[in-house]
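Colleague: Structure of the sequence below:
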Amino acid sequence: MPLKPTETELEILQVLWQNGPSTVRFVNEAQNKTKETGYTTTLKLLQIMHEKNLVRRDEESRSHVYQAAVTEEETQQHLLGRFLDTTFRGSAMKLVMQALGNHTTTPEELDQIRTLLNQLEKGGHQ
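Modeller: Here you go, the predicted structure:
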């Protein structure tokens with residue numbers, strides 16, 4: 001299933017990933033903490049996301065409850081893969097070099113990167 005959430009859909013997914021199944025009102029209130037969004041706009045977005053199989057809807061109660069139908073990890077992997085292909089011509093090395101060159105990396109983060117590299121060299125994954 002190709003995941004193609006928009007930026008706003010990703011923001012809604014973040015709310016659902018962090019809080020679990022939520023009503024439209026709860027999602028809307030979370031969105032309003034960062035930008036003014038009308039309730040009907042949030043409702044319409046959740047309906048579109050339901051059609052795209054990004055969320056599931058529980059229609060048992062009067063207030064429909066939505067939950068993410070995709071995991072945060074699979075979404076990140078898909079979006080990163082797409083970004084890697086389109087921006088870095090598929091080169092993970094170019095992506096990592098760019099990321100490390102543009103940001104201050106803490107000693108703890110470097111230790112985690114070393115651990116991951118060691119695991120990858122041994123043929124394992126995280």
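
Colleague: Which residues does the helix or strand bottoming out on mean pLDDT in the chain contact?
Modeller: Least confident element among the helices and strands of the chain, by mean pLDDT, DSSP states H and E: helix 92-102 (a mean of 83). Contact partners of helix 92-102, identified using C-beta atoms under 8 Å, 6 or more residues apart in numbering, comprise 83-84, 87-88. C-beta coordinates here come from the backbone N, C-alpha and C atoms, glycine included.

Colleague: pLDDT (mean, whole number) over the helix or strand just after it?
Modeller: For helix 92-102, the succeeding helix or strand toward the C-terminus, using DSSP states H and E, is helix 107-121. Helix 107-121 shows a mean pLDDT of 89.

Colleague: cool, stretch 22-30 as well?
Modeller: 96.

Colleague: Could you do stretch 62-80 as well?
Modeller: In this model, stretch 62-80 has a mean pLDDT of 90.

Colleague: Tell me which residues of it come out buried.
Modeller: 65-66, 68-70, 75, 78 (16 or more other C-beta atoms under 10 Å).

Colleague: what's the answer for stretch 21-34, then?
Modeller: 22-24, 26-28, 30-31.

Colleague: ok, and what's touching the longest helix seen in the chain?
Modeller: Using DSSP state H to define each element, the chain has its longest helix at helix 72-88. For helix 72-88, contacts defined as C-beta under 8 Å, 6+ apart pick out 2-3, 5, 10, 13, 17, 90-92, 94-95, 98.

Colleague: Could you do stretch 51-59 as well?
Modeller: Defining contact as C-beta under 8 Å, 6+ apart, one finds that stretch 51-59 is touched by 1, 3-5, 9, 12-13, 16, 21, 46, 49-50, 64-70.

Colleague: What of stretch 8-16?
Modeller: Contacts of stretch 8-16 (C-beta under 8 Å, 6+ apart): 5, 22, 26-27, 30-31, 34, 42, 45-46, 48-49, 52, 54-55, 66-68, 70, 72, 75.
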